[in-house]
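Trainee: I need the structure of the sequence given here:
(2 chains)
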Amino acid sequence: MSFLNQWNYFLALGPQAILTTFAIGILLFGVSRNNTSDEHQGWLLGRISLAGVIAAGIVNAGLYPFADRLSDGIVAVDRYALFSNWVLLLGSAMAILISISYVEKQRIQVPEYFALLLFATVGLMLMTASLDLMLVFIGLEIASISVYALATIDQRSPKGSEAGLKYFLLGAFSTGIFLYGVALIYGSTGSANLTEILNATVDADDTGVMLITGVIMLAVGFCFKVGVVPFHMWTPDVYQGSPMPITGYMSVAIKAGAFFTFYRIFGIYLDNIQFSWGTVFWWLALVTMIGANLVALVQNNIKRLLAYSGIAHSGYLLITVLANNTTSESGLLYYLAVYTVANMGLFAGFVLVANHAEHRVEVSDYAGLGSKQPFIAMALTVFLLSLGGFPATGGFIGKILILRGALEDNYLLLAIALVISTLISYWYYLRLAWFMWMKEQAATPNTEKAPEIEIPLALKLVLAVSLVLIVYAGIFPSQLIGFIETSLLKG
Amino acid sequence: MSGSYIPLLVLFGVSIVNAIGMGIASHILNPRRPTPVKEMPYESGMIPLGDTRQRFSVKFYVVAISFIVFDLETVFLIPWAVNLQSLGWGVFGAVSLFVLLLALGLVYEWRKGGLEWE
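Mentor: Numbers count the residues shown, from 1 in each chain, chains lettered A, B, ... in the order given. I've put the predicted structure just below:
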């Protein structure tokens, strides 16, 4: 099958088209009725958007017979893209489930909220599947603009406005750099198509300054989006100010989508000129791992803590782009899948403890959670251990794969730095767990008494599913690894 | 390859030197006979009253966005219309989808009150 029949283009974009249809439907539903202050709109529209994600998942599963046969367009339908769709759909499904009670309680504009969440997912899925730098740019912008709006969707929250404005300004700036990089690459290779860029860079001897500058600017644009250390300044403030489910979505889906694309572009199509970006990435990975983990040690706000933890994970993942063999590619996919589940699970717990609002976000607020809410505390502890890479959790296998990949390509120093920074990270992950299990809540009269936590069904589902997936991926990793090995680009 | 850009660089240098040189030369050479009127912020015109940093309504912004959307629609539609015969029904379907999506956006904007001035 080929793209001679242009209707196949629509087939290639099936999951994205389904999600777009649902998002537009939700938007129109929001303006079709006069009583927009309906109490249960969040519940209803949340279910509709969840149905959209599931429908997109079904179409995604249905695309497997066509995988690697629809290959001559600028949208790739390879198993790698389909795998990244799974991760992104899983992340957005969990974000939707976490949001349902939150949007009702915070009286956020529900239709726009869910529609933008779906649009962001569409953009990310478009980006990970694209074989043309212009399409990468369009996907990146669809996702970014949706998330800028989502960050500031609670209009009464000054912190939300600050977060949205900061994210927008810095994001627009980084997009400019990214686009300039694309322009320079286009200028020196004569095409924005990744396959033609690959062909143009086969002969690495006559690589001009212009191409290298373009490639580095492209990398800088991506590093802004995933928050790699010299370009991470926006992350803590934006994570802190955004609504909590959106913070979770940003930390998971944007990062996963950007890294899937990052690897496709740099690991595969710019592999011939690795000499130009390899050293840069080496230093970025080193500085990111060490720096972010050190700064995270002194964070007391859990959203800032998770922001720095996310930056540190970007550093680990940069190693896989750099090492660039089949082991490290499986490591990237495994790590992103597990990281998505663990981080979304953590944010589900945070939303519960914050009682679907933005208070009680300090580490000390978690004192005594273990005795009052053993299920939540247990789940949160497992997710924290998985992020730290503790044995018998999914994060451990992911880190082992990354380490093995790094050692196969002789990045010994980076592997040592990864181990050391993981050890540092245990301090702040376990500090939160220590507060939950070992500390009693301070009985000062002026602090407001912690309300009883009721767990809505949707959040119960998120916590339980994440818990099962994390433990399963940690104890029986072979099935997931086997599936990932069929999804590699370097097959 | 980069050799072909040298003329551009020379032009760039000449224009920078030219611009700075003119500024410096006029600063050195010009006669100075200041009068109170000349020292005002605007030599001819009204004396400015109040702060320049006034707030203005962001309603213009919604109109501007709508304008850009439909402006770009024209950019896509006219080349298609010119080549309508040779492009066939597949492209007709694609363009119809494009117009449909824009129309849905217009419906949303209309219902949301984006077209009302007050």
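Trainee: Could you list the low-confidence segments of chain B?
Mentor: B:1-2, B:42-48, B:118 (pLDDT under 70).
Trainee: report the longest helix in it, please.
Mentor: helix B:84-112 (DSSP state H).
Trainee: what's the answer for chain A, then?
Mentor: Per DSSP H, chain A has its longest helix at helix A:158-189.
Trainee: which helices and strands does that helix pack with?
Mentor: When contacts are defined as 3 or more CB pairs under 8 Å, 6 or more residues apart in numbering or on different chains; DSSP states H and E, helix A:158-189 packs onto helix A:133-151, helix A:194-200, helix A:209-226, helix A:234-241. Every C-beta, even on glycine, is put in place using the N, C-alpha and C of the backbone.
Trainee: Return the residues of chain A in contact with chain B.
Mentor: A:6-7, A:24, A:27-28, A:31-32, A:208-210 (CB under 8 Å from any CB of the partner chain).
Trainee: just to revisit the earlier point, the longest helix of chain B near chain A anywhere?
Mentor: Yes - using CB under 8 Å from any CB, helix B:84-112 comes into contact with chain A via B:90-91, B:94, B:101, B:104, B:107-108, B:111-112.
Trainee: Same check on stretch B:52-63?
Mentor: No - using CB under 8 Å from any CB, stretch B:52-63 never reaches chain A; the gap is at least 13.3 Å.
Trainee: Any buried residues in that stretch, and which?
Mentor: residue B:62 (16 or more other CB atoms under 10 Å in any protein chain shown).
Trainee: How many residues are close by residue A:305?
Mentor: Each residue near residue A:305 was counted by other CB atoms under 10 Å in any protein chain shown, and the total is 24.
Trainee: With just CA atoms, put the helix or strand that contains it into PDB.
Mentor: In the assignment (DSSP states H and E), residue A:305 maps to helix A:302-323. Once non-C-alpha atoms are left out, helix A:302-323 reads as follows in PDB (Å, rounded to 0.1, in the frame of the first residue of the first chain):
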ATOM      1  CA  ILE A 302       6.100  18.900  45.900                       C
ATOM      2  CA  LYS A 303       5.400  20.300  42.500                       C
ATOM      3  CA  ARG A 304       8.800  22.000  42.400                       C
ATOM      4  CA  LEU A 305      10.300  18.800  43.700                       C
ATOM      5  CA  LEU A 306       8.700  16.800  40.800                       C
ATOM      6  CA  ALA A 307       9.800  19.500  38.400                       C
ATOM      7  CA  TYR A 308      13.500  19.000  39.300                       C
ATOM      8  CA  SER A 309      13.000  15.300  39.400                       C
ATOM      9  CA  GLY A 310      11.600  15.500  35.800                       C
ATOM     10  CA  ILE A 311      14.600  17.600  34.700                       C
ATOM     11  CA  ALA A 312      16.900  14.900  36.200                       C
ATOM     12  CA  HIS A 313      15.000  12.200  34.200                       C
ATOM     13  CA  SER A 314      15.500  14.300  31.000                       C
ATOM     14  CA  GLY A 315      19.200  14.000  31.800                       C
ATOM     15  CA  TYR A 316      19.000  10.200  32.000                       C
ATOM     16  CA  LEU A 317      17.100  10.000  28.800                       C
ATOM     17  CA  LEU A 318      19.600  12.200  27.000                       C
ATOM     18  CA  ILE A 319      22.100   9.400  27.500                       C
ATOM     19  CA  THR A 320      19.900   7.100  25.400                       C
ATOM     20  CA  VAL A 321      19.800   9.600  22.500                       C
ATOM     21  CA  LEU A 322      23.600   9.800  22.800                       C
ATOM     22  CA  ALA A 323      24.500   6.100  23.200                       C
END
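Trainee: ok and whichever helix or strand comes after that helix relative to helix A:302-323, angle-wise?
Mentor: Counting by DSSP H and E, the next helix or strand C-terminal to helix A:302-323 is helix A:326-353. Between helix A:326-353 and helix A:302-323, the angle comes out at 170 degrees (axes from the mean of the first three to the mean of the last three CA atoms, to 10 degrees).
Trainee: ok, the one residue in chain B that gets nearest to chain A to residue B:101 distance?
Mentor: At 3.6 Å from chain A, residue B:111 is the closest residue in chain B, using CB to the nearest CB. Residue B:111 sits at a distance of 16 Å from residue B:101 (criterion: CB to CB, to the nearest Å).
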